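> Sequence and predicted structure below; questions after.
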Amino acid sequence: MKLVILDRSGVINEESDENMKAIAEWRPIPGSLEAIARLCQAGYRVFIASNQSGIGRGFYDYDALFAMNDRLQKMVGEFGGRIDGIEFAPDSPDEPSEMRKPSPGMLKDLARRFQVSLEDVSFVGDSAPDLLAARSAGARPVLVRTGKGSRTEIEHELHGAAVYDDLAAFVRVTLAAH
């Protein structure tokens, strides 16, 4: 099974330092939805693993998160793609569980449920916790410069993580290699 795991905010949709609280604030990064559709059309299964601390902090509720995810699914569907599953950690950073990145819980859970090794699976993120979760789970860490990615590239040791300008660039290179 060809599989790619994506962080959501900063990779697929615009990042907000103030936590998105409603569907009206959710905006895709240009080219990201088309990139997901291209992965799907090339036979990849696409999953999301995303920290959603706004729930734990009380900024928004599960209904708001599900509405944002539904909007994402519909918009990706308009390009002929789909998201096969969405894992999220609602924990506050002050009380993290094993699922909250940088812990690898969400990635390991996906691997366990689909009985796959993450060795050849890219986890695309825009932050140091994303890269750490990928490494800890045995996945390939990929950094995009969208969202917090440019700052992450400057401020953190990347330890061999592949770096791309955005999700569309990652997908172009990935599909050209296969």
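Yes, it's here. This one's a predicted model, so the numbers in the text were calculated from it and none came from an experiment. Numbers count the residues shown, from 1 in each chain.
> Could you point out the longest strand of the protein?
Secondary structure of the chain per DSSP state E: the longest strand is strand 44-51.
> by contact count, what packs against the helix or strand immediately after it in the chain?
Elements were assigned by DSSP states H and E; along the chain past strand 44-51, the next helix or strand is helix 53-56. Helix 53-56 sits against helix 62-78, with contacts defined as 3 or more C-beta pairs under 8 Å, 6 or more residues apart in numbering; DSSP states H and E. No exception for glycine: its C-beta is placed from N, CA and C like everyone else's.
> Show me what the helix it packs on is in contact with.
Contact partners of helix 62-78, identified using C-beta atoms under 8 Å, 6 or more residues apart in numbering, comprise 8, 12-13, 20-23, 26, 28, 33, 36-37, 52, 54-55, 82-83, 86, 88, 90.
> okay, now Gly5: neighbour count?
Rather than Gly, residue 5 is Ile. 29 (other C-beta atoms under 10 Å).
> what's the answer for Glu87, then?
Neighbours around Glu87, by other C-beta under 10 Å: 16.
> got it, and Ala67?
16.
> Next one: it, what pLDDT does it get?
On the pLDDT scale, Ala67 is placed at 92.
> cool, and Ala22?
pLDDT, Ala22: 69.
> again, but for Val173
We have a pLDDT of 98 for Val173.
> Just give the nearest non-adjacent residue to it, would you?
Once flanking residues are discounted, Val173 sits nearest to Tyr164: 6.9 Å by C-beta to C-beta, 6 or more residues apart in numbering.
> For that neighbour, list the residues it contacts.
By C-beta under 8 Å, 6+ apart, Tyr164 lies in contact with 142-145, 170, 173.
> where does it fall, phi/psi-wise?
When read as degrees, to the nearest 10, the backbone of Tyr164 gives phi -130, psi 160.
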